[in-house]
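> following is a predicted model, sequence given first.
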Amino acid sequence: MTLEELGWNPEFEHAFAPHREKGLVPARLIRETTINYGAFLEGDREIDVVLSGRVWHEATTDADLPAVGDWVALELGDDNSDHVIRATLPRQSVFSRKMPGNSSQAQVIGANIDLVAVVTDSGPDFNLRRMERYFSLIGLSGAKAVVLVNKADLFPAEQNQRAADEISALWDQAHVHVTSALKGEGLKTLQTYLKPGVTMCIVGSSGVGKSTLVNQLYGEEWQWTSEVNETTGKGRHTTTARELVPLPGGGLLIDNPGMREIQMWTDETTLRESFADIEEITTRCKYHDCSHKKDAGCAIRAAVEDGSLDPARYESFLNLEIEIAKLRKRAKKRQMAVERWAKRKHRVKARNLEDRIQLERDERGDH
């Protein structure tokens, strides 16, 4: 594969120029393990690479470390030395979520991606509130959104189309398709997005048919999949690690383990853009600082009461705002802890310097 087929473009070439002068070579990360990374070099060469100490220490958070999809500058080793990542090129897009649990940090799902494909179904997995969260994260990432209402063979056509229409109504920038992974329906449409050099990240809950879709896109049994449970409509999900896969028809695919927790990693501006319809209603509230709960003259509450605003959508809006506020609070606490640590480190260095100077004076007999 050429660098261009791996996603290389003039912007990356410009950013890499200083590293090329140092004798480093470009590579794209395709896999991450607990001890190293897998990377593609030009010419279909796949190698294992390690992270330099400098890159590790310069990362403020885990999200700043290299991730699957990143372009890096490598110092090539030999039989007796490792291939080492000396720098990471600036990302042109990044799809991330808040790290599961109580952390305030982001978890990178894929870097330098062009499309995020969300796989769901019209049955047990169908959840508009979760889809709103996906759309908020995709909007922040800089990538385009494609939604597959999958497993169409398991549910009535009317149900599948209704689910697709409701998802489309959430965000007019998303491209929504009804597909059946087992029958191959809609896959030709999906393949039209995957041109040479284009990277797609595929996400969704466990058991919605992502592995089967990857198998069909790749053209062979890239991942083992089990039979579908007739009661739940789910199969055992077999993706265990994030990986970037080049596709025979062109393009690259980042597959992900099932995402059970879709917590927000975004800002207030992105959130409000995702709920532009609600923002428009808030402009009609009697008071500019309306809490939209018990305040007199609240246009939001009036819209819910007259049926023009879905109560569930508004509840989702409130929950997302609360979640972002909590995230901002945790981030502030973390920043305060980092600043305290930095001040302490500075005091320790200053004290060590004073001790060393005093020791030198004592050795010289100075008073």
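It's in. Computed from a predicted structure; not experimentally measured. Numbers count the residues shown, from 1 in each chain.
> which residues of the protein score low on pLDDT?
Along the chain, the model assigns pLDDT under 70 to residues 97-106, 186, 220-241, 256-274, 320-321, 323-328, 330-342, 345-346, 348, 366-367.
> give me the domain ranges for it.
4-88, 94-255, 267-367 (automatic domain parsing).
> can you put those in CSV and add mean neighbour count?
Any C-beta I mention is one placed from the backbone N, CA and C, and that applies to glycine too. Shown next, in CSV, are the domains of the chain (neighbours: other CB atoms under 10 Å):
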stretch, mean neighbour count
domain 4-88, 16
domain 94-255, 19
domain 267-367, 13
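> show me the contacts for A17.
By CB atoms under 8 Å, 6 or more residues apart in numbering, the contact set of A17 is empty.
> doesn't it lie inside a helix?
Yes. Remark: A17 belongs to a helix, assigned using DSSP: H, G, I helix; E, B strand; the rest coil.
> so how far is S206 from it?
Applying CB to CB, to the nearest Å, the value for A17 to S206 is 43 Å.
> now do P248
With distances taken as CB to CB, P248 is found 26 Å from S206.
> which stretches in the stretch 251-367 of the chain count as strands?
Here the stretch 251-367 of the chain has its strands, by DSSP state E, counting those that start in this stretch, at 252-255.
> which stretches of it form helices?
Using DSSP state H, counting those that start in this stretch, the helices of the stretch 251-367 of the chain run over 268-274, 276-282, 299-305, 311-364.
> for H177, phi and psi?
Main-chain torsions, H177, degrees, to the nearest 10: phi -130, psi 140.
> same check, this time on I113
Note on I113: backbone dihedrals following degrees, to the nearest 10 are phi -100, psi 150.
> and the helices in the stretch 51-200 of the chain?
Taking DSSP H, counting those that start in this stretch to define them, one finds helices in the stretch 51-200 of the chain at 53-58, 128-141, 157-170, 187-191.
> can you list those helices in JSON lines and add distance to V198?
Output for the helices of the stretch 51-200 of the chain, formatted as JSON lines (distance: least, CB to CB, whole Å):
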{"stretch": "helix 53-58", "distance to V198": "27"}
{"stretch": "helix 128-141", "distance to V198": "15"}
{"stretch": "helix 157-170", "distance to V198": "22"}
{"stretch": "helix 187-191", "distance to V198": "11"}
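> quick check: which of these is nearest to Q358?
Nearest to Q358, of all the helices of the stretch 51-200 of the chain, is helix 53-58, at 29.7 Å by CB to CB.
> does anything pack onto that closest one? Which helices or strands?
On a contact count with 3 or more CB pairs under 8 Å, 6 or more residues apart in numbering; DSSP states H and E, helix 53-58 meets strand 83-88.
> so which residues make contact with the strand it packs on?
Contact with strand 83-88 is made by 19, 22, 24, 37, 39, 47-52, 54-55, 66, 70-77, as judged by CB under 8 Å, 6+ apart.
> run the last query once more with 6 Å
Contacts to strand 83-88, defined as CB atoms under 6 Å, 6 or more residues apart in numbering, come from residues 19, 24, 47, 49-52, 55, 66, 70, 72-77.
> parallel or antiparallel, which strands does that strand pair with?
Strand pairing for strand 83-88, using DSSP bridges, gives strand 45-51 (parallel), strand 71-75 (antiparallel).
> quick one: closest of the ones you listed to R361.
strand 45-51 (42.1 Å).
> okay if I get the strands paired with strand 83-88 as a markdown table plus distance to S136?
Output for the strands paired with strand 83-88, formatted as a markdown table (distance: least, CB to CB, whole Å):
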| stretch | distance to S136 |
| --- | --- |
| strand 45-51 | 31 |
| strand 71-75 | 26 |
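> with V149 as the reference, name the closest of the ones you listed.
V149 lies closest to strand 71-75 among the strands paired with strand 83-88, at 33.1 Å (CB to CB).
> CA atoms only for that closest one, dumped as PDB, please.
C-alpha atoms of strand 71-75 as PDB (Å, rounded to 0.1, in the frame of the first residue of the first chain):
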ATOM      1  CA  TRP A  71       0.500   9.000  12.100                       C
ATOM      2  CA  VAL A  72       3.800   8.800  13.800                       C
ATOM      3  CA  ALA A  73       7.500   9.500  13.000                       C
ATOM      4  CA  LEU A  74       9.600   6.400  13.500                       C
ATOM      5  CA  GLU A  75      13.200   5.700  14.100                       C
END
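> so what touches that strand?
Outside strand 71-75, the residues that touch it by CB under 6 Å, 6+ apart are 12, 19, 24-25, 27-28, 66, 83-89.
> turn those into CSV, including distance to R313.
Below are the contacts of strand 71-75 laid out as CSV (distance: CB to CB, whole Å):
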residue, distance to R313
F12, 39
H19, 47
L24, 49
V25, 50
A27, 44
R28, 39
P66, 38
H83, 50
V84, 49
I85, 44
R86, 48
A87, 44
T88, 39
L89, 39
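> from these, which is closest to L253?
If you rank these by distance to L253 using CB to CB, R28 comes first, at 13.2 Å.
> hang on, the closest one in a helix?
No. Residue state for R28 (three-state DSSP) corresponds to strand; a helix is not indicated.
> report the contact partners of it.
R28 touches 6, 40, 71, counting by CB under 6 Å, 6+ apart.
> and it, how far from H292?
46 Å.
> same check, this time on P26
50 Å.
> ok, now E305?
For E305, the distance to H292 equals 12 Å [CB to CB].
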